[in-house]
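**Student:** sequence? don't have it. structure:
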């Protein structure tokens with residue numbers, strides 16, 4: 001469906017039905033891994049004749065397809081997916097770069113009267129896109145080198161102990177093995193003299209550029225965990241071990257942040273003879289379940305998320321229809337200048 005009225009006019013703000021000013025519309029579909037976002041997203045994108053702007057911190061890496069559950073070639077032919085395959089596995093990438101890239105696509109979609117539609121499970125990407133970046137200092141090579149020396153001397157445990165000392169709130173929400181985020185929090189403290197937690201609390205991520213509809217998908221814990229395990233079984237049966245070996249053969253070492261992602265680090269350990277296949281699968285599934293739990297903890301703290309519970313046995317096509325109806329209702333709230341919301345019936 002093409003928006004047949006102007007989505008924005010020539011300005012950033014439109015008048016709503018009640019006369020209040022509101023920003024341009026943005027729709028976000030979020031939820032934990034394996035909940036069913038991708039299937040629903042394709043249905044929604046087709047209905048509104050738009051694209052999917054992915055918010056996934058792992059799918060930005062080229063060559064990491066099976067392990068990050070990227071959309072298939074067939075899916076990409078049905079709906080254009082953006083913000084995939086942006087960097088090589090050994091290249092740096094961060095939230096600020098993601099936000100700039102996403103905003104470029106959003107502006108392009110507005111220019112051709114399409115609804116920007118963001119889909120993903122990386123909470124920080126979604127938060128900063130919807131509500132702005134936290135004004136923390138930029139990375140400093142000298143400080144980062146000093147922190148790496150600390151890690152080399154005392155291990156990740158030493159980095160985490162330092163974080164507990166200077167920013168206990170950040171330490172409470174970060175896993176000790178999440179080295180990039182632990183190091184970044186320490187870097188911010190050393191550069192600013194202020195904890196990352198305090199900077200984020202004062203900023204509150206309230207730099208809203210859009211009128212955003214955030215729709216979250218959720219299932220019962222039992223169902224979600226079963227789907228996670230089934231997906232891992234599928235990934236392992238369809239070439240994830242070979243994909244990991246290929247990445248290692250290309251020189252992408254286990255020390256890279258990209259290679260420490262779910263599945264890749266477990267398979268790498270197995271390939272290095274550090275554990276047998278059974279133990280590798282057990283740890284892969286366990287850690288993915290834990291990751292999904294952390295995702296839901298993050299999303300439940302996000303204001304304004306409207307949760308759609310997927311009942312056991314409910315077809316995803318029905319979920320998609322429910323999501324489409326809510327988006328249409330949201331768009332109709334834009335008053336006389338609202339975009340057309342006539343779409344194709346799936």
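**Tutor:** Perfect, I can see it now. Bear in mind that the values here come from a model prediction, so they are computed numbers and not experimental data.
**Student:** rest of the way, CA atoms for contacts and neighbours
**Tutor:** OK.
**Student:** can you give me the strands for the stretch 1-150 of the chain?
**Tutor:** 13-15, 21-30, 52-55, 81-82, 117-120 (DSSP state E, counting those that start in this stretch).
**Student:** can you redo those strands as CSV with mean neighbour count?
**Tutor:** As requested, the strands of the stretch 1-150 of the chain are exported to CSV (neighbours: other Cα atoms under 10 Å):
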stretch, mean neighbour count
strand 13-15, 18
strand 21-30, 21
strand 52-55, 25
strand 81-82, 19
strand 117-120, 24
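**Student:** In terms of mean pLDDT, which of those strands ranks lowest?
**Tutor:** Mean pLDDT is lowest for strand 13-15 among these, at a mean of 38.
**Student:** Please name the residues that touch the closest residue to residue 238 other than its chain neighbours.
**Tutor:** Spatial nearest neighbour of residue 238, excluding adjacent residues (Cα to Cα, 6 or more residues apart in numbering): residue 66 at 7.8 Å. Shown in contact with residue 66 (Cα atoms under 8 Å, 6 or more residues apart in numbering): 235, 238-240, 243.
**Student:** distance of residue 66 from residue 235?
**Tutor:** The gap separating residue 66 from residue 235 is 6 Å, by Cα to Cα, to the nearest Å.
**Student:** and if you look at residue 313?
**Tutor:** Residue 313 is 23 Å from residue 235, by Cα to Cα.
**Student:** before we move on, back to that, make CSV from the strands of the stretch 1-150 of the chain and add distance to residue 272 to it.
**Tutor:** Output for those, formatted as CSV (distance: least, Cα to Cα, whole Å):
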stretch, distance to residue 272
strand 13-15, 56
strand 21-30, 35
strand 52-55, 32
strand 81-82, 34
strand 117-120, 32
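**Student:** wait, which of those is closest to residue 179?
**Tutor:** Closest to residue 179 of the strands of the stretch 1-150 of the chain is strand 52-55 (Cα to Cα; 21.2 Å).
**Student:** Let me see the residues that make contact with that closest one.
**Tutor:** The contact list for strand 52-55, computed with Cα under 8 Å, 6+ apart, reads 41-42, 45, 79-84, 102, 105, 116-122, 125-126.
**Student:** and that strand, which strands flank it?
**Tutor:** strand 81-82 (parallel), strand 117-120 (parallel) (DSSP bridges).
**Student:** right, so of the ones you listed, which gets closest to residue 216?
**Tutor:** strand 117-120 (10.0 Å).
**Student:** what's the neighbour count on the closest residue to residue 287 other than its chain neighbours?
**Tutor:** The shortest distance from residue 287 to any non-neighbouring residue, by Cα to Cα, 6+ apart, is to residue 262 (7.3 Å). Around residue 262 there are 18 other residues, counting by other Cα atoms under 10 Å.
**Student:** Residue 262 falls within a helix, correct?
**Tutor:** No. Counting by DSSP: H, G, I helix; E, B strand; the rest coil, one finds residue 262 to be coil, located in no helix.
**Student:** Check which residues of the helix or strand containing residue 278 are buried.
**Tutor:** For residue 278, the host element (DSSP states H and E) is helix 277-300. For helix 277-300, burial by neighbour count (16 or more other Cα atoms under 10 Å) applies to 280-281, 283-285, 288-289, 292-293, 295-296, 298-299.
**Student:** ranking the contacts of residue 66 by neighbours, who comes first?
**Tutor:** residue 240 (22 neighbours).
**Student:** Quick check: the gap between residue 24 and residue 118.
**Tutor:** 14 Å.
**Student:** again with residue 239
**Tutor:** As judged by Cα to Cα, residue 239 and residue 118 stand 28 Å apart.
**Student:** Same question for residue 193.
**Tutor:** Residue 193 is 35 Å from residue 118, by Cα to Cα.
**Student:** ok, now residue 71?
**Tutor:** Taken as Cα to Cα, the span from residue 71 to residue 118 is 14 Å.
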